[in-house]
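Asker: With the sequence up front, the predicted model follows.
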Amino acid sequence: MSEKPRQSLDQKSDKPWKVSVVPHPLLTALGASEKDGEKGIVLELVEHETRSIPIENESALSDLQSVSQALSSALVADLLRLDIRKDATGATKLVIKTSSNVGFVSINAADGTRCLVRVVPKVGTARMLELGALAGMLPRWSLGGAYVAESLEESLLEWTIAAYEETLRRFLALGGLRNTHQRLTADLKNRVKGRLLVGPWLRNVAKGRPHVVPCQFPSLELDNPLNRVLRWANHVGIFAAHTLKNGNVLAERLRVLDTQFHAVKLQRPDLSASTRNRLAGNQRHYADALKLAEMVISSVHVGSKSGDIRSIAITLDMNKVYELAFFNALRSIKPDASRHEEWIITLSTPKDCPPDRRLIRSTRMIPDVWVPGDETRYPVVIDTKWKRLLYGSSEADDLVSITDTRTVRLRPEDMYQATAYGLEVIHRARANRKPVLGCVTALVYPALQSVPDLSRTIEVSESQVIVTLLAWNLEAPVIAEVGSIWNRLQLSAALPVTA
């Protein structure tokens, strides 16, 4: 790779990666179009959405390969799934389906246009960014620190790059770049350093150059894998910032920081062998910068030519965002809460079974959140659900609404799960000779407005399981709303007052 970063960062390639973005009839039928203000075709969907179109003849089937190629990056990023199905009448349909993954994939074309696949979340962009940061899946970054654009892709991309720029600036101010011991191979003249490479030296002797001595030796170098990761992230960050409407200032700030990497080669790093877990004591300040650098590099895919951005892709799994954001918010209120505690469930043959036929098998229960009980309340198990709480009147009714609670039925599989958690808590407490009088199992679902809590009490011998369904209003401030949910759970879990 070139060691002249200024030229490499500024020049534009005349031959970028070629991808056809001409709207295909099947893509158009699925909803792809050329939107105002967008240069190229845009296919926009919502998470957990399904679209289908009929395939009426064999020629349409032969065109599926071109559609798959146009959407290949979105398929790889797991934003979309394509399938061919037959309905009850035997008609063939092309089905495109989204999951809980949201984000975007943008592929640049040879003529400067692009193919953009966008899967938007159920909640607003600003709240999604806040939840992603709270979950630890996006950089910690205040909403006032980054421009939250109307488009999902601008917001996610600027959020990521701006957070990296701030982290890199802080890294350089606190500890800066460090030398590390690297094993170098070099041709020395009339001297030996480290280990003599006998084979290459004998070849030089045969060529009449005995004074050229190939050696391998350790050396303290600023040009090392850690610094190359940071510089490459800076490099692609500048490229990507130029694609943003408000990115020129951000690109210039990154370019200023890049001047401190003049002794580091600009080359694509290998992220498969992560170095963050093997940092020496004097390199601990690298941790945050490397984490953000890896996020930038994995989001922006550049080609081998200068200025050639093949694609930009950032995706988030809203299931994980929702679960982790809730847990981290709860931990700020209830520090003894734990996540994904494993409960081993053991099954065995009867005790009177012959020894040669005895079997033991086990499985696991892994609740999202476990809060032990104390002298004032029952233990609490919480499971978060980023899916529809109730069967709505249409496919669009994914979130809890107060009208749905009056007219439609609950999901029985969620009730099975909650009841099993509560029974297991009571069983484990009795097995440990520390019986409890009850347990609260809470199922927490997303909502866009306040919804009343629902509950059911199941009597189990001298104990009880209280199954509670609560809505997390995502329109309300996150920490305050999670605090309100915990206060309501504490009331449900309060031990009965004895006379």
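Answerer: Looks like it arrived, so ask away.

Asker: Okay, and E481 sits in which element?
Answerer: Assigning secondary structure by DSSP states H and E places E481 in helix 478-493.

Asker: And that helix, what's buried?
Answerer: Going by neighbour count (16 or more other Cβ atoms under 10 Å), the buried part of helix 478-493 is V478, E481, V482, G483, S484, I485, W486, L489, Q490, S492, A493. For glycine as for every other residue, the C-beta is placed from the backbone atoms N, C-alpha and C.

Asker: Tell me the bridge partners for the residue positioned nearest the centre of the chain.
Answerer: In the chain, the centroid-proximal residue (Cα atoms, centre = their mean) is L316; its distance is 4.2 Å. With DSSP bridges as the criterion, L316 is bridged to V102.

Asker: Check R364 too.
Answerer: I344.

Asker: tell me which residues in stretch 96-112 are buried?
Answerer: Using 16+ other Cβ under 10 Å as the test for burial, stretch 96-112 gives 96, 98-109.

Asker: Now flag whichever of those residues is closest to Q267.
Answerer: Taking Cβ to Cβ as the measure, N108 is the one of the buried residues of stretch 96-112 closest to Q267, at 22.0 Å.

Asker: Domain map for this structure?
Answerer: Using automatic domain parsing, the domain ranges for the chain come out as 15-144, 180-221, 334-493.

Asker: and of those, who's closest to G281?
Answerer: Using Cβ to Cβ, the domains of the chain put domain 180-221 closest to G281, at 12.4 Å.

Asker: end to end, how far does that closest one reach?
Answerer: End-to-end distance for domain 180-221: 6 Å, by Cα to Cα, to the nearest Å.

Asker: need the contact list for N319.
Answerer: S100, W386 (Cβ atoms under 8 Å, 6 or more residues apart in numbering).

Asker: got the angle between the host helix or strand of it and helix 478-493?
Answerer: If you go by DSSP H and E, N319 is part of helix 318-333. Relative orientation of helix 318-333 and helix 478-493, computed by axes from the mean of the first three to the mean of the last three Cα atoms, to 10 degrees: 70 degrees.

Asker: could you give the mean pLDDT of helix 318-333?
Answerer: In this model, helix 318-333 has a mean pLDDT of 93.

Asker: coming back round to it: measure the residue nearest to the centre of the chain to L491 for me?
Answerer: Using Cβ to Cβ, to the nearest Å, L316 is found at 33 Å from L491.

Asker: can you pull the contacts of L257?
Answerer: E165, L168, R169, L172, N234.

Asker: For my notes, confirm R209 occurs in a strand.
Answerer: No. R209: not assigned to a strand; according to DSSP: H, G, I helix; E, B strand; the rest coil it is coil.

Asker: Got the phi and psi for it?
Answerer: The phi/psi pair for R209 (degrees, to the nearest 10) reads phi -130, psi 60.

Asker: swap in A447?
Answerer: Torsion angles at A447 (phi, psi; degrees, to the nearest 10) stand at phi -150, psi 160.

Asker: what is it paired to in the beta sheet?
Answerer: V400, N473.

Asker: S33 now?
Answerer: V42.

Asker: ok so, going back, where is pLDDT lowest across the buried residues of stretch 96-112?
Answerer: Scanning the buried residues of stretch 96-112 for pLDDT, the smallest score is found at A109, 56.

Asker: coming back round to it: for S299, find the nearest of the domains of the chain.
Answerer: Closest to S299 of those is domain 15-144 (Cβ to Cβ; 9.4 Å).

Asker: Make JSON lines from the domains of the chain and add distance to L279 to it.
Answerer: Formatted as JSON lines, the domains of the chain follow (distance: least, Cβ to Cβ, whole Å):
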{"stretch": "domain 15-144", "distance to L279": "19"}
{"stretch": "domain 180-221", "distance to L279": "10"}
{"stretch": "domain 334-493", "distance to L279": "25"}
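
Asker: Any idea which of these gets closest to H301?
Answerer: The closest of the domains of the chain to H301 is domain 15-144. By Cβ to Cβ, the value is 8.5 Å.

Asker: What ranges does the stretch 1-150 of the chain have for its strands?
Answerer: Remark: strands assigned in the stretch 1-150 of the chain by DSSP state E, counting those that start in this stretch are 40-46, 50-54, 80-86, 92-98, 101-108, 114-120.

Asker: Make a markdown table out of the ones you listed and add distance to T259.
Answerer: Shown next, in a markdown table, are the strands of the stretch 1-150 of the chain (distance: least, Cβ to Cβ, whole Å):
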| stretch | distance to T259 |
| --- | --- |
| strand 40-46 | 34 |
| strand 50-54 | 49 |
| strand 80-86 | 41 |
| strand 92-98 | 43 |
| strand 101-108 | 28 |
| strand 114-120 | 31 |
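
Asker: Quick check, pLDDT for the residue with the largest distance to the centre of the chain.
Answerer: Computed with Cα atoms, centre = their mean, the maximum C-alpha offset from the centroid of the chain is found at G208, amounting to 58.2 Å. Looking at G208, its pLDDT reads 92.

Asker: Please report the distance of it from D356.
Answerer: As judged by Cβ to Cβ, G208 and D356 stand 79 Å apart.

Asker: One more: H48?
Answerer: 51 Å.

Asker: quick one: which of the two has more around it?
Answerer: Higher neighbour count among H48 and D356: H48, with 20 against 5, using other Cβ atoms under 10 Å.

Asker: hang on, the earlier thing: just the closest of the buried residues of helix 478-493 to L116, please.
Answerer: V478 (29.2 Å).

Asker: Please name the residues that touch the closest one.
Answerer: Counting by Cβ under 8 Å, 6+ apart, V478 makes contact with R127, E130, L131, L134, A325, A329.

Asker: give me that answer again for 7 Å
Answerer: E130, L131, L134, A325, A329 (Cβ atoms under 7 Å, 6 or more residues apart in numbering).

Asker: Spatially nearest residue to the second one, not counting backbone neighbours?
Answerer: In other words, L131. With sequence-adjacent residues excluded and distances taken as Cβ to Cβ, 6 or more residues apart in numbering, L131 is closest to A325, at 4.3 Å.

Asker: Might one say that that neighbour is in contact with L134?
Answerer: Yes. Contact criterion Cβ atoms under 7 Å: A325 and L134 qualify, at 4.3 Å.

Asker: which of these two has more neighbours?
Answerer: Per other Cβ under 10 Å, whichever of A325 and L134 has more neighbours is A325, with 24 against 21.

Asker: Please enumerate residues in contact with stretch 88-99?
Answerer: Against stretch 88-99 from outside (Cβ under 7 Å, 6+ apart): 26, 30, 45, 47-55, 79-87, 119.

Asker: Give the ranges of residues in the stretch 1-150 of the chain that sit below the confidence cut-off.
Answerer: Applying pLDDT under 70 to the stretch 1-150 of the chain flags residues 1-24, 35-40, 57-67, 69-70, 73, 76, 108-114, 139-150.

Asker: Next, please give the residue ranges for the helices of it.
Answerer: Secondary structure of the stretch 1-150 of the chain (DSSP state H, counting those that start in this stretch): helices at 5-10, 25-30, 58-62, 64-70, 72-76, 125-134.
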